[in-house]
Each structure stands twice: as C-alpha cells, then as structure tokens.
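*Asks:* this is a predicted model, with the sequence first.
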Amino acid sequence: MTKRVSLTQYLVEQQREHGLIPAQLRLLIEVVARACKRIAIAVNKGALGDVLGSAGTDNVQGEVQKKLDVISNEVLIEANEWGGHLAAMASEEMDSIHVVPNRYPQGEYMLLFDPLDGSSNIDVNVSIGTIFSVLRKVTNTRGISEEDFLQPGKQQAAAGYCVYGPQTTLVLTVGSGVAMFTLDRETGSWILTEDELRIPEDTKEFAINMSNMRHWAPPMRQYIDECLAGKTGPRGKDFNMRWVASMVADVHRILTRGGVFMYPWDQREPDKPGKLRLMYEANPMSFIVEQAGGMATNTKERILDLQPTRLHERVSVVLGSKNEVERVTAYHRQAG
Ligand code: AHG
Ligand code: MN
Ligand code: MN
C-alpha cells in the first residue's frame, strides 16, 4: 500500500524542509480546511438540508445572496475567529472587514475569502467552491483597518481553494509549488493526491462566457476569433471551449490539463474593470496558477503586482497556460 500523506503531515514536512509554514499559518490552513469540510457536508445535503435557494438578502456588490453563500460565510468566520492566528477577515459576503473580537488573542495573519464561488450553480447541482487568500498584517499595533488588507497579491503568504464537485478537493500553495488534497469521507482526512502541479504551457482549450462577445474590447475579440477559426485560421489548430461558470471549477480544470480562463472588461459598464474580485478571487487564483508555472494578467499587467485600492475591487482576468496568456496580453498591449 502506498503511504498516505495527510494535510497535517504535508504542512509539517513543508515547514521542516522550506521553513515556510510557521505554527500560526499551519493552524490557519488546517482551520480553513476543516471549515471547507463543513461546507462540503452542507453542500452535499442539498434540498435535504434546506440549503438551496435564495437567502432573500443582497451583498455589498448588489448580488442576491444564496442560502449557501451566507452559511459558508458563517462557517468560515466561526471556525477562524477564536484560534489566535488571525487579526481580521474579509469576505465577498461582508461589506467591511471582520476584526477578531477582543475576547480572543489577535494573530499576525489576515484571511480573505469568497466563501461560495459559483453561486449560480448551487441549485443546479454543478461544481462550486471556496477560495481563500492569506496576508500578513504588516503593522504590529492591535488596531486593524481595511488599509491593512490593501496589499498586492505577490505578498500573499498562502492561497487555496476547495472544489465541491464529484470529489471534494483542496488545492493549496504557500509559495513553494502547488499541492492537491482529496477529502477521504470515511476518515474525514485530507489526503495528498498530487504534489508539484504544473500547468502545461500550451493549450487548445479556452474558457470564457461567449455570450458577452459583442461587448468585449477588440483585442479580446481578435483572440477568440482566431481560436474559433481553427485549423485553417492563423493559429493552425482547432480549439475546444469549456465554461462551468464557477471560477474554482474552471481553474481546477486548467490546473489539471491546461487551458486559458478569461473574464474580461466589457463595454456595457466601461468603468468596471471586470466581474471578478481582485482580493479574494483573482489574487489567490493567480498565486496558485503562477506557482504551477502558469501566468495571470489583467490583460495588460501581472495581477499579483496590482496595488489594490478597495477591498471589493474588481479586475479583468486572463490566467492559465503561459503561452496563451502571453498571447492574449500581447494583443491588448499592442492595442494600447
Ligand atoms: P460568485 O458566485 O462568487 O459571485 O462568483 C461567480 C463568478 C465566477 O465563479 C464565475 O467564473 C463567473 O462568476 C461566472 O460568471 P457568468 O455567470 O457571467 O458566466
Ligand atoms: Mn466567486
Ligand atoms: Mn461567492
């Protein structure tokens, strides 16, 4: 029988070999992983657990909250509040930051999350997930504000996501490659099922919501037109398309077999850079993708270099197989 490596063992070994995971960070990652397990259980119950449908409220971005958006947010807050590893949290589902209450010790990390990604897929039983990003609090006073969170993605101490799909998988980086764990439901443990994931540099598969094509900027349209032209077009090969509409599931596929994921700016709301959120969607996913040898830009610049100005800031996203992301980015740069 091959040796099974648990998440705990992986983290302890990483700390010994690379010294990247101090005790507080290890606790943080284990607590997030445990919270994801609870969310996975709620997701699996579906209608039997009364977790489907709308919560009847809107979040700060004006989106209708699903019951599972709210439940997942509560699970993550509750799990992370008391351990002494965090100073504060921020979430897609909360207007402002959640500071660790005074009755608990304050830690040196800050956690950001998209508690439930792919909300439109909950009620139709399609893969959804949780995305998280970990930053270090750089000031050492007890007070903390939104300002402390506004760090470029390259400063993340860790990032990960969990996919609630046919399997429940957790993908993690602490800055030394990417590892994948699968939930063993019988023992309740996260078991390492792949280490040092690599995204192939070339691909023949793209992911984008094509129904928005007429609203894109010309370089974006040019790129997709060329893919659609197939073998007899300028690219000289046929492309395939996939769009799950859960970023976690689309990124997970790309991490597994390559591809390029795009959610670009569109002209209907010219002042809005894109749909996805920089701090708890684009940054953690970009960190993971880069750690797996891929690339991530906002069509012009590296996402991880962007200086955030607001917690809920949005951004254009192009990420995945390096050569394809380079091409999309070059088309945009040339267009000016
Ligand atoms: P969320 O459910 O957290 O709001 O995120 C949904 C995002 C992302 O997961 C996905 O890639 C995209 O929205 C899908 O958008 P469309 O419905 O426009 O295709
Ligand atoms: Mn999301
Ligand atoms: Mn969400």
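*Replies:* Structure received. Ligands and ions are numbered 1, 2, ... in the order given.

*Asks:* show me where pLDDT drops low in the stretch 201-336 of the chain?
*Replies:* Applying pLDDT under 70 to the stretch 201-336 of the chain picks out no residues at all.

*Asks:* how about the residue in it that ligand 2 sits nearest to: what's its closest non-neighbour residue?
*Replies:* Closest contact between the stretch 201-336 of the chain and ligand 2, by CB to the ion, is at residue 281 (5.1 Å). Just so you know, the C-beta spots here come from the backbone N, C-alpha and C atoms, and that holds for glycine as well. The shortest distance from residue 281 to any non-neighbouring residue, by CB to CB, 6 or more residues apart in numbering, is to residue 114 (5.4 Å).

*Asks:* that neighbour: which element?
*Replies:* Assigning secondary structure by DSSP states H and E places residue 114 in strand 109-117.

*Asks:* report the angle between the axes of the helix or strand just after that strand and strand 109-117?
*Replies:* Sequence-wise, the next helix or strand downstream of strand 109-117 (DSSP H and E) is strand 128-136. In terms of direction (axes from the mean of the first three to the mean of the last three CA atoms, to 10 degrees), strand 128-136 departs from strand 109-117 by 170 degrees.

*Asks:* can I get strand 128-136 as PDB, trimmed to CA atoms?
*Replies:* The C-alpha coordinates for strand 128-136 follow below in PDB (Å, rounded to 0.1, in the frame of the first residue of the first chain):
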ATOM      1  CA  ILE A 128     -18.900  25.100  -6.700                       C
ATOM      2  CA  GLY A 129     -16.100  26.000  -4.300                       C
ATOM      3  CA  THR A 130     -14.500  28.200  -1.700                       C
ATOM      4  CA  ILE A 131     -11.500  30.500  -2.500                       C
ATOM      5  CA  PHE A 132      -9.100  31.900   0.200                       C
ATOM      6  CA  SER A 133      -6.100  34.200   0.400                       C
ATOM      7  CA  VAL A 134      -3.800  34.800   3.400                       C
ATOM      8  CA  LEU A 135      -1.900  38.000   4.000                       C
ATOM      9  CA  ARG A 136       0.400  39.000   6.800                       C
END
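
*Asks:* tell me how far the residue lying farthest from the centre of the chain lies from residue 216.
*Replies:* The C-alpha centroid of the chain is most remote from residue 232, which lies 35.7 Å away (CA atoms, centre = their mean). For residue 232, the distance to residue 216 equals 23 Å [CB to CB, to the nearest Å].

*Asks:* count the neighbours of the closest residue to residue 200 other than its chain neighbours for me.
*Replies:* Leaving aside its sequence neighbours, residue 200 sits nearest to residue 258 (CB to CB, 6+ apart; 3.7 Å). Residue 258 is flanked by 21 other residues according to other CB atoms under 10 Å.

*Asks:* buried sites along the helix or strand containing residue 323?
*Replies:* Residue 323 is located in helix 322-335, with elements delineated by DSSP H and E. Using 16 or more other CB atoms under 10 Å as the burial criterion, the residues of helix 322-335 that qualify are 322, 324, 325, 327, 328, 329, 331, 332.

*Asks:* same check, this time on stretch 152-165
*Replies:* Under the neighbour-count criterion of 16+ other CB under 10 Å, stretch 152-165 has 152, 153, 156, 157, 158, 159, 160, 161, 162, 163, 164, 165 buried.

*Asks:* nearest to ligand 3 among these?
*Replies:* After measuring those against ligand 3 - CB to the ion - the closest member comes out as residue 161, at 11.5 Å.
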